[in-house]
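**Student:** just coords:
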């Protein structure tokens, strides 16, 4: 039988951050960012979109290093309306 989680005084159930695979956040220290790589990796330790940028950079790096990775690029139709079509070469 699984162990029941205890409720706090307010009735909330506290979760285990390790089991939930949560990562700690750290403030972005720009004085330690000498390169764009340092900046993006530092952003990956923050929250919201900064963390998503860091996660995306890690994924792109893994894909670039994987010789068997096949990449298909998909684009939003809104890019052409925003006049960003020249950003991509076909």
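**Tutor:** Sure thing, it's come through. Worth saying up front: this structure is predicted, and the values here are computed from it rather than measured.

**Student:** what kind of secondary structure is residue 37 in?
**Tutor:** At residue 37 the chain is in helix, as set by DSSP: H, G, I helix; E, B strand; the rest coil.

**Student:** how many other residues sit next to it?
**Tutor:** By other Cβ atoms under 10 Å, the residues close to residue 37 number 11. Quick note: C-beta positions are derived from backbone N, CA and C, even for glycine.

**Student:** What is the longest helix of the chain by residue count?
**Tutor:** helix 48-65 (DSSP state H).

**Student:** Name the nearest residue to residue 28, ignoring sequence neighbours.
**Tutor:** Excluding its sequence neighbours, the residue lying closest to residue 28 (Cβ to Cβ, 6 or more residues apart in numbering) is residue 42, at 4.9 Å.

**Student:** I figured the one you found hits residue 33, correct?
**Tutor:** Yes - Residue 42 is within contact range of residue 33, at 5.8 Å (criterion: Cβ atoms under 8 Å).

**Student:** Which residue of those two possesses the greater neighbour count?
**Tutor:** Legend: neighbour count by other Cβ under 10 Å for residue 42 and residue 33, higher for residue 42 (18 against 15).

**Student:** contacting residues around that one?
**Tutor:** With Cβ atoms under 8 Å, 6 or more residues apart in numbering as the criterion, the residues that contact residue 42 are 26, 28-29, 32-33, 54.
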